[in-house]
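Asks: Quick one, fold the following:
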Amino acid sequence: MPWLLLFIAGLCEVGFAACLGKMKETTGNAATLWLLGFFAFLTLSMTLLYRATQTLPIGTAYAVWTGIGAVGTVLVGIVVFREPADFWRVFFLTTLIASIIGLKFVSNE
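Replies: Down below sits the predicted model:
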């Protein structure tokens, strides 16, 4: 269960980062709505991260949380914000994913 909470927390980190990107593109009421989305995802992400760290080691949980957020945010950047997907970005993204999976396998939980 703590790994599922951690995974969802990482996805919420992607959500708050995506809201920041969309907020940058909008003005007025739309920007306010994206800001509210940012705070909602941020609150949920931090709460779930806290719950996961009650069982998982903090170093592992934090590394996995930031890794999921980084991978997801790069993917959102490529797909939604049309950022470049050159060889080196994809290569290092792949190594990051492998590192996250590795941390899961060597964890005691």
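Asks: Just give the closest residue to the residue most central in space within the chain, not the sequence neighbours.
Replies: For the chain, the residue lying nearest the average C-alpha position, counting by C-alpha atoms, centre = their mean, turns out to be residue 69 (1.8 Å). Taking C-beta to C-beta, 6 or more residues apart in numbering as the measure, residue 69 lies nearest to residue 13, with 3.3 Å between them; neighbours along the chain are not counted. Placement of C-beta: from N, CA and C, glycine included.
Asks: just checking, what packs against the strand or helix carrying residue 91?
Replies: For residue 91, the host element (DSSP states H and E) is helix 87-106. Helix 87-106 makes packing contacts with helix 58-79 when contacts are defined by 3 or more C-beta pairs under 8 Å, 6 or more residues apart in numbering; DSSP states H and E.
Asks: what about this protein, any weak spots by pLDDT?
Replies: Confidence mapping of the chain against pLDDT under 70 gives the ranges 109.
Asks: about what we covered before: I'd say the residue nearest to the centre of the chain and residue 8 touch.
Replies: No - applying C-beta atoms under 8 Å, one finds residue 69 not in contact with residue 8, separated by 11.7 Å.
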